[in-house]
Each structure stands twice: as structure tokens, then as C-alpha cells.
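A.B. asks: Pasting the sequence and the predicted model now:
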Amino acid sequence: MLKKLKETTIFLKSLRAEPLGAPAFICASSAIILLFLMLIFIVREGSQAFLNLGAELIIGAVWDTNAGRYGGLPLIYGSIIVVFVALAIAIPIGVASSIFISEILPHPLRDPIKSIIELLASIPSVIYGFIGLLFIAPRIASLFGLSTGTVALTASITLAIMSTPTIVGVAGETIAAVPKEYKEAALALGATRWQMIKGIVLPASKSGILASILLGFGRAIGETVAVLMVAGNTAIIPSPPWNILSPVYTLTAAIAMQMGEAAVGSLEYSALFGLGLILFIIAFIVNTLADVVVTREKAKIRGAG
Amino acid sequence: MKAARIKEKIIFTIFGLATALCVAAFATIAAILLSGLGTIKLEHLTKSALQGGYFEMIIGTLYLLVGSAGIAGPIGLLAAIYLVEYAPRGRLTRVIDQAINNLAGVPSIVIGLFGYTFFCRQLGLGISLAAGWLTLTLMMLPIVIRGSEEAIKMVPKSFQEAALALGAPKWKAITSITLPAAAPGIITSILLGIARVAGETAAILFTSCVLVTRGLPKSPLEPIMALAFNLYVKIVALGEAPERVFGIALILFMIVVIFAAAAITFRVYYRRRQLWLR
Amino acid sequence: MVSKGMKGLSKIGAMLTLILIIISFAAGYMIGANTTTPQTDGGEASWQTGSITIAGSTTVLPIVNACAIELMKMHPGLTITVQGGGTGVGYSNIIDGVIDIGAASREPNEKEIENAKKKGVDLWLHPIAIDAICVVVHPSVANASHPLELTLQEVGKIFAGEYTYWDEVKPGLPHKEIIVVVREPGSGTRGTFEEFTMKPWGYEVTSKASVQPSNPAVRNKIETTPYSIGYIGYGFLSDKVYAIPIAKEQGKPYITPTIKTITSGEYPMSRYLYLVTRGQPESGSLVDRFIDFVRSREGQQIVERYGYLKLPYLYPAS
């Protein structure tokens, strides 16, 4: 304890000696402060809902604010089903692409293709929603003979296009980081490229790929505008529950659509912040998990080296 | 052996198709939007919204971007300098690191909710440009920090050591040697941050935008019109036909792609140079 | 040599980007200055250089938006800012005094009246248009040659999900599942619809209903969805949907929504759209002028253009 205190004092003194040190330290710690502020204010605004509704906000099955029913379950379910289907599409495509780009594609083509995929990641969600509404929804409707194209599947496809670049980016980075010597050794031993990828590259970048999937999940569950525009926004748990051709309502969509209608200070207003807190916690868990996965892997590499 | 080769060919073809799918997705989106090129006239770019143009929305969007880059840029850069140059190995640094990652992962709608209660209501900024700047800063900050960190790390240690050996204090070595060498990478990270928030809608939904007003804000405490917000409101709330908002979608797309493409090209050049330096 | 060249290049790139940003900013200011300079001549009244903010109902927003643009074009010195929101935002902001005019598609609810009382605010409602809510179905359910008539309670039952198939509602209708389309909770249109058809009997909207965010969105959904039913404002009717004649209760006449039946009050489902102010607006103020403009002949033409009915007592129906 004493030793720690001493270390801290030395650290603070060293910062004072450097005119750049203190402001730099403050800026870096601002991330912690901002995160805390965010948590405090969202909890403060949502407290009324938690006190009055309790677990209802999470497990209640009916979300109908006109009738004063604030059950978040259909929304949580809507968010989850949309994201899971999206990831079921995005993960295979994303991981396959990242392997293809960093291991198979000829060198001169790598940067251009990577750049295009990064551009895909930068397209704003309102434009994805616009495209989904204009282009994907009508095709889904006619493909499955549906009366309306704004259903969970449409939202999932839109989301899949949006989260694939995240997966390609993070997974690609870790795949590229696998030491060249390992790969060359495998090839020298007579392995085919695929055997080398399967035997060396994938095991070595396993945790990076896992982290990329977690981050893709985080990005997808927090996506608002694009999902809102194409998901149909009906607060139900589809029947049967795996029916992805049914419209759904997500946590994010409910917040964005109903904030404008809720009177400040009302139970509805508070319930929407409650939903925000649920999202915040989900994102926090996912990101912390991704962090742990990456840190553990780094430690392993350091240990091995 | 031959079977293995054939299997490899099949697998690689599938992987290649997956990659082609990603590229095709981008091409399709670009093609759909560019097909709307005929619906906008060049003069609409400089015409006021009162005359059916997009001028205030375009400039409003740029105001939002430049302002939040002006806040997130310096803070993010200083934070990156701390993390690379000063941070001791220890619990606090790890917590800071994790906080940055978590900040990057907070859904934009939650940031919007926070921006509304904290900046607009608690700090009394109301629906204003300033509230939008601060809210978007929250989204931009992690990107700038991570990008600048990487850029600073890539500057060879020997550069700084040479300066230190000559008796320069550390901060001087950083400002006069490390930062200039890392400048392109830092600018890239800021451009990427701008591209990330340029089309952001959920975060500014409740904090800084209005449907129509006259001209541009005369102070940061006034609200603005922005492309992303107007596109969203016109489709979702006013129920306008997609054809009538094609122009806004196309301009927004082009602004974002220009910033993102600038950042990416920049980085590709920069990385190449770094490789040769080593 | 090569690396030096690259370094130069990226530096140039950095400079170019910075310059671009600066130019865009400067251009904004310069051109912006042209459009924002208030032209104050000595002879102008103070309202012509004033500025107000309006927020509220998405139903009223298109009217307010268009009127604000028209008025700003006519008087280059004044500024009218229109925010989005919803009726809830309109009332809470006008009560808090954050805005100058609220837009509402319903009268204030108990909570809002209570809030206003607490803050000592007198809410003044200025009617600016009539919105008649029409119950519409896809032509596969009913059309001019196969008409369908309903009472308010029957409509309520359908939206409450008490029927699954159309032929349960009235014999002769197709044996197909009913697809119910509604507006989002908080929408003024939804509030009014439920006031007329659901509240009196304690019905709640079926959880299977599809929620759409706007009048045109509901109409598009009905137009493209066989066996669907929904409700929209009179002005949003199209010939691809069938508006059902409605009777107040069993035994009363079924009334088809038309301008005549709505303005005469025969049609049972109509509501006023309002602008809301804190107390009576000061005569000659910009708030007062704006409301006057919306209620003027020109403003009422805009009202009609967006599919609502103009106020009958201001100008006789033609």
C-alpha cells in the first residue's frame, strides 16, 4: 500500500516536471470521466422507471406506451434476433474475406480492396436505411411473397452489410500480425497454403477473430437509424420466435422514435432512458470481453516470446 | 496431394467470392446513389433551403464536423501522447485503455440520450450547434486517440533518443521530433473520426438539429440544419417519397466518402513510407 | 530519395486537406453572410426582424415547415426555426418556455395540463386545420363495387385483434387474415383514433399490429399489403385504398368521409390541429403574425396542399 502511494507520488511528480505531462494525463483520463458521467446521467433519468417498473422493464412482454405498458422483452428480443441473424451472415463472410485479403490476394491488390471495405464501413447508417428501404425491402417482399418488406430479415441483411467491414478490419489485423516465420516454416514443410492457414494462421489469430466478432456484435446491437427504417417497428415477439419474416421493434428504434413524443419527466421518458441503460450495459460487457480476449492473447504471445 | 490442392482451390474460391461480395455491396450502394445524380442540379448546392436547395444543410454538416474535430482533435492527441510517452505500466493505464475502448463501443443513440440530458438540459445549451459538437466529440474521441497512438508509436524510438541525448527535455523532443514525424498519421486519424461522425444521425437527433431555420447559426448556441438529420426526418417523420430526398442522400454519401477516402489514401502512403524508413 | 518524396507528398496532402476545410468554412461564412444579413430598414415593424422557434407534432410539422419557409421568403429579416419532435415535445417545450409556438394534433392530456398548472402557464390552443381520420383498407377487402361499412366499435374490435379473419367481421368478406397497421405510440393521429374507436370500450391495440411512423407510410403499407387495414388523415387518401364509411353507433347513418361531411361535422372521426402558445400572443408580435399567416388564405392553401382541411369558418368551403 505504502509502496503504491510512493509510486503514485513519483509518477505525479514526473508529470509535473513535464509541461506536457499534466494536460496529457487529464485528456487521457477524460475517457473514464465521460464514461462515468454518461452512466450517472442515464441512471438518473432512468431511475423513475426502474423504481416503478422494476424487472417489468426487462421481462415484461407488452410494450405499449399509450396503454402505459413498458415491458422491454419484445424490444430486447427484437434487438437480439436482428443482430444474431445479421452476424450469422456477416461472420462467415467477414472472416473468409479477411483471410482471403491478407493471405491469398496478390500483394498489389490488398490495399485497394481493404480500402474499399473500409469505405463500406464509413457509409452513414441513415444511408444504409435509405438503401434498405429503397432496394432491399422490396426484394425481400417479392422473394418471400410477403405483404411488406420491412421485417427482421431486411434489418438483418442491412446490418450484416454494415458490420462485415468491422469484422474484416479487426480480424484482418490479427491475421496479418501472425509472424511470417511461422507461415514460411509450414510451407517449407510441404503444407499447402490452406493447410498452413488452417494449421497456423487460424489458431494463432483465434482470439483476434473472436474479438472482431464481439466488436461486430457491439456495433450491430447499437445500430439505430438503419434498423429503425427497415425493421417494421412492431413490438412483438414473432410467432414462432424464430420467424425472421415478421416485423420487430428494437431497443434503439424505440428510443429514437419515442423520445420526441414522451413528455420530459414522464414515466415513458424515464423508461426510454432505462432502455438506454440496458444498451449501455450490453455494450460495456461486449467491449470488456473483447478487451479481455485481446489482452490475454497479447500476454500469451509475450510469454511465448 | 492432388485432392488437397483441389480442396484448396475450392475453399479459396469461396473465400474470394466472400470478398467479392463485400466489394459488390459497396459498388451497388454507390451505383444506386449515383443513379440519383440526375435529380439534383449543381445550383442546388449553393441555394438556400428556402429556395429548395441544400446549402445550409451542407455547411451545417461541415460546421458540426469541423467543430467536433476541433475539440476531439487536441484532446485525443494529448491523450495519445500520454498513453504512448508518459503512461506508466499499471492499473490506471489499463483502466484508461479500457475506458477508451468502451467509449468507442457505446451505441450512438445512447450517446445522443446522454448529450440531450447533459449538454442540452443540464448545461442549458439547448438544441444547439455547441451541444452537437460536444456530443459528436464523444464519438470521435476514441477514434482520434487510437489512430494518433498508433501514429506516434510508429515513429522510431531512435528519433527521440537522439534529441534526448542532445539534452532536450522530453516534452521538447516530443513536440519537435515525434509529433512532426507522426503528423500524417494523426491527421489521418482525425479525418477518419470526421468520416465516422459525418453521417451520424442518432447522436444529433435530439441535440442540435432543426428542420428549417434561416441561414447559418450566428453563434454556437443556435441550432443548425444538417444533411443526415434532414434525410432522416424527411423519410421517417414527414414520410416524403425516397425520390424527393435522393439529393440529400447523394450529397451526404459523397461528403463522407471524400473524407474517408482522403484518410485512407493518406494512410496508405504514410504506411509505405514508414516501411521504407525501417 | 523515394522516402523523402513520399514524405513531401503526405505533407502536401495534409496541407491540402487543411486548406479544403478552411475554404469550406470561409465559403460558408461568406455565402452564409449573404443569406443571413437582416435587412433592417427604418420603416419595418419589429416582428419583421424577430425570431421564433416552433416544435411539435409530426402531423402539423409539414404545414408549419412550409408556412415558415413562405413567411421567411416574404420577410428577409425574420427567422423561424422549426424543430422536429412530436406532440409530447410540443407541449412540454411550450410549458417549459423553450419554444415560442408548439404544434399539436390533440388537446393536452392530464399530465400536460397538470405540468402547465404547476408552472403557471396558460395554454392557448389556436386551431389551424382539420384532420379527419379515415379508416382505410386494401381494395382486396372492400372497394366501390364491394363496399364495407363499419361502426366505431367494430373498427375498434378489428384493431384490438378480436377478429383473426375478415369473414369473421362481416360474412362475405374473404377468409384471409386481417393485417392491422397503426401509427407509433404518441402519434397524435393514433391518440385521436384510439379516443374514438378504442378507449370507450377499453380496447387495446393488438400487439400484432405493424407500426408505421407517418401518414404516407401507413398509406403505402395499405396500398401494397392485401387484406390490410389502417387509418390515415383525409388528405392522405389515394384511389388505391378504400375509405370505409363509418357510423357513430349501430343504427346511425354510415358516413363516407368527404370535405362536406367532415366540415359539417357529420363524419364522426375528425380533429382540429393546433398551434399552442403560452397565454394569448401579444398582438403584432411575430408569434401572432405567424399564426395569422397560417390562418390566412395563403396559409390555408398550404394546409390543403398537405392533405388537411382548411378551417370552415374562416373561408366558406368552395
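C.D. replies: Yes, it's here.

A.B. asks: Can you name the element that comes right after the helix-or-strand element of chain C with minimal mean pLDDT?
C.D. replies: Least confident element among the helices and strands of chain C, by mean pLDDT, DSSP states H and E: helix C:2-36 (a mean of 51). For helix C:2-36, the following helix or strand on the C-terminal side (DSSP states H and E) is strand C:51-56.

A.B. asks: tilt between the helix or strand following that next one and strand C:51-56?
C.D. replies: Sequence-wise, the next helix or strand downstream of strand C:51-56 (DSSP H and E) is helix C:61-74. Taking axes from the mean of the first three to the mean of the last three Cα atoms, to 10 degrees, helix C:61-74 and strand C:51-56 form an angle of 170 degrees between their directions.

A.B. asks: what is the rounded mean pLDDT of helix C:61-74?
C.D. replies: Summarised as a single mean, pLDDT over helix C:61-74 is 90.

A.B. asks: what's the answer for stretch A:97-116, then?
C.D. replies: The average pLDDT for stretch A:97-116 rounds to 87.

A.B. asks: Stretch B:156-176 too?
C.D. replies: Per-residue scores along stretch B:156-176 average to 82.

A.B. asks: quick one: that stretch near chain A?
C.D. replies: Yes. Part of stretch B:156-176 sits near chain A under the criterion Cβ under 8 Å from any Cβ of the partner chain, namely B:169-171, B:174-175. (Each C-beta comes from the backbone N, C-alpha and C, glycine too.)

A.B. asks: check which helix or strand covers A:Arg44.
C.D. replies: Using DSSP H and E, A:Arg44 falls in helix A:21-53.

A.B. asks: Need the pLDDT of B:Leu134.
C.D. replies: 95.

A.B. asks: Count the residues that sit near it.
C.D. replies: Neighbour count for B:Leu134, taken as other Cβ atoms under 10 Å in any protein chain shown: 23.

A.B. asks: which residues does whatever residue of chain B ends up closest to chain A contact?
C.D. replies: Nearest residue of chain B to chain A (Cβ to the nearest Cβ) works out as B:Gly199 at 1.9 Å. B:Gly199 is in contact with A:123-127, B:227-228, B:252, B:256, counting by Cβ atoms under 8 Å, 6 or more residues apart in numbering or on different chains.

A.B. asks: what residues does the stretch 1-150 of chain C put near chain A?
C.D. replies: C:58, C:84-89, C:91-92, C:96, C:111-112, C:115.

A.B. asks: Which ones among the residues you listed lie within helices?
C.D. replies: Mapping the residues of the stretch 1-150 of chain C next to chain A onto helices (DSSP state H) picks out C:87-89, C:91-92, C:96, C:111-112, C:115.

A.B. asks: Now that we have these, can you turn them into TSV and tack on neighbour count and distance to C:Pro174?
C.D. replies: Putting those into TSV (neighbours: other Cβ atoms under 10 Å in any protein chain shown; distance: Cβ to Cβ, whole Å) gives the following:
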residue	neighbour count	distance to C:Pro174
C:Thr87	31	36
C:Gly88	27	39
C:Val89	28	41
C:Tyr91	30	43
C:Ser92	26	45
C:Asp96	14	51
C:Lys111	16	43
C:Glu112	23	43
C:Asn115	21	48
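
A.B. asks: of all these, which two lie farthest apart?
C.D. replies: Distance extremes for these: the farthest pair is C:Thr87 and C:Asp96 at 14.9 Å, using Cβ to Cβ.

A.B. asks: if we can go back for a sec, among the contacts of B:Gly199, which lie within strands?
C.D. replies: Among the contacts of B:Gly199, no residue falls in strands (DSSP state E).

A.B. asks: Tell me the one of these nearest C:Tyr234?
C.D. replies: Nearest to C:Tyr234 among the contacts of B:Gly199 is A:Val126, at 30.7 Å by Cβ to Cβ.

A.B. asks: ok, that closest one - how many residues close by?
C.D. replies: Counted with other Cβ under 10 Å, the neighbours of A:Val126 add up to 28.

A.B. asks: Now do it against chain B, distance only.
C.D. replies: Per Cβ to the nearest Cβ, to the nearest Å, A:Val126 is found 5 Å from chain B.

A.B. asks: B:Val256 is in contact with that residue, correct?
C.D. replies: No. A:Val126 lies out of contact with B:Val256 (Cβ atoms under 8 Å); the separation is 10.4 Å.

A.B. asks: Does A:Ala271 touch A:Leu57 like I think?
C.D. replies: Yes. If you go by Cβ under 8 Å, A:Ala271 and A:Leu57 touch, sitting 6.3 Å apart.

A.B. asks: what is in contact with the two at once?
C.D. replies: A:49, A:70, A:72.

A.B. asks: check contacts around the first one.
C.D. replies: With contacts defined as Cβ under 8 Å, 6+ apart, A:Ala49 is in contact with A:57, A:70, A:267, A:270-271, A:273-274.

A.B. asks: What are the phi and psi values at C:Ala129?
C.D. replies: Per-residue torsions, C:Ala129: phi -170, psi 170 (degrees, to the nearest 10).

A.B. asks: hang on, it packs against C:Tyr308?
C.D. replies: Yes. In this structure C:Ala129 lies within contact range of C:Tyr308 using Cβ under 8 Å: 4.1 Å.

A.B. asks: What is the nearest of the shared contacts of A:Ala271 and A:Leu57 to chain B?
C.D. replies: Taking those together and measuring to chain B by Cβ to the nearest Cβ, the closest member is A:Ala49, at 13.0 Å.

A.B. asks: Please report the distance of the closest one from A:Ser266.
C.D. replies: Note on A:Ala49: its distance to A:Ser266, by Cβ to Cβ, to the nearest Å, is 10 Å.

A.B. asks: what does A:Glu184 give?
C.D. replies: 65 Å.

A.B. asks: before we move on, what SS does the closest residue to A:Tyr77 other than its chain neighbours have?
C.D. replies: Nearest non-adjacent residue to A:Tyr77, counting by Cβ to Cβ, 6 or more residues apart in numbering or on different chains: A:Ile237, 5.0 Å away. Following DSSP: H, G, I helix; E, B strand; the rest coil, we place A:Ile237 in the coil state.

A.B. asks: Quick check: phi and psi at A:Ile237.
C.D. replies: In terms of degrees, to the nearest 10, the main-chain angles of A:Ile237 are phi -90, psi 120.

A.B. asks: Over to C:Ser57?
C.D. replies: phi -50, psi 130.

A.B. asks: Just the pLDDT at it, thanks.
C.D. replies: 83.

A.B. asks: That one touches C:Glu107, doesn't it?
C.D. replies: No. Contact between C:Ser57 and C:Glu107 fails when scored by Cβ under 8 Å: they sit 11.9 Å apart.

A.B. asks: so how many other residues sit close to B:Tyr82?
C.D. replies: So B:Tyr82, with other Cβ under 10 Å, has 25 neighbours.

A.B. asks: Next up, the contacts around it.
C.D. replies: Neighbours of B:Tyr82 in contact, by Cβ under 8 Å, 6+ apart: A:21, A:24-25, A:27-28.

A.B. asks: Can you tell me the closest non-neighbouring residue to it?
C.D. replies: Here the nearest residue to B:Tyr82 in space, its sequence neighbours aside, is A:Ala24; by Cβ to Cβ, 6+ apart that works out to 3.5 Å.

A.B. asks: what's around the one you found, how many residues?
C.D. replies: Neighbour tally, A:Ala24, other Cβ under 10 Å: 26.

A.B. asks: what's A:Ala235 sitting at in phi/psi?
C.D. replies: Torsion angles, degrees, to the nearest 10, at A:Ala235: phi -80, psi 70.

A.B. asks: For chain B, give me its nearest residue in the stretch 151-300 of chain A.
C.D. replies: A:Gly222 (2.5 Å).

A.B. asks: Contact partners for that residue?
C.D. replies: Shown in contact with A:Gly222 (Cβ under 8 Å, 6+ apart): A:252, A:279, A:283, B:105-110.
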